[in-house]
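Visitor: Need a 3D model of the following:
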Amino acid sequence: MVGLPLLAIALTTTQLVLASYCNNVALQAAVDGASIAALADGGGQRGTEAALATIDALLPNTKPQVDLVRHTGGVATWQATVRLESPVLLLGLIPISQSAEVIDENQN
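Guide: A predicted model of the protein is given here:
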């Protein structure tokens, strides 16, 4: 009788740890993508490639969606948004989304 509740606690804990890891990977990929895009010789394509490379290295079996947008009103910035789904069955129902915004070095 004790085994089933302990198994449920162990599985829930594992899923929460994996969800936290996926959230951190999404945030790091968004920061990498926006940072590379904002460099003087960067751009949207290079930023997207950097974000995808980060996700492929840290979570190879996911299908991420990376959106990079350049905002030009006032100070020009690049905003990267990364969305991915957790590879765990129960938490796969909850999409993970993180954004990062970086000031663009090319202020023209």
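Visitor: Quick one: residues contacting P95.
Guide: Contacts for P95 (Cβ atoms under 8 Å, 6 or more residues apart in numbering) come out as R83, L84, E85. C-beta coordinates here come from the backbone N, C-alpha and C atoms, glycine included.
Visitor: So which of these is surrounded by the most neighbours?
Guide: L84 (21 neighbours; other Cβ atoms under 10 Å).
Visitor: burial measure for the residue nearest to that residue when sequence neighbours are not counted, as a count.
Guide: Residue nearest to L84 in three dimensions, not counting chain neighbours: P64, with 4.3 Å by Cβ to Cβ, 6 or more residues apart in numbering. When neighbours are defined as other Cβ under 10 Å, P64 has 18 of them.
Visitor: ok, so what distance separates P64 from I9?
Guide: P64 sits 30 Å away from I9, going by Cβ to Cβ, to the nearest Å.
Visitor: ditto for A37
Guide: From A37 to I9 the distance is 42 Å (Cβ to Cβ).
Visitor: Show me the shaky parts of the chain.
Guide: Within the chain, the segments meeting pLDDT under 70 span 86-94, 107-108.
Visitor: List the buried residues of the helix ranked longest in it.
Guide: As assigned by DSSP state H, the longest helix anywhere in the chain is helix 3-38. Within helix 3-38, the residues that count as buried by 16 or more other Cβ atoms under 10 Å are 15, 19, 22, 25-38.
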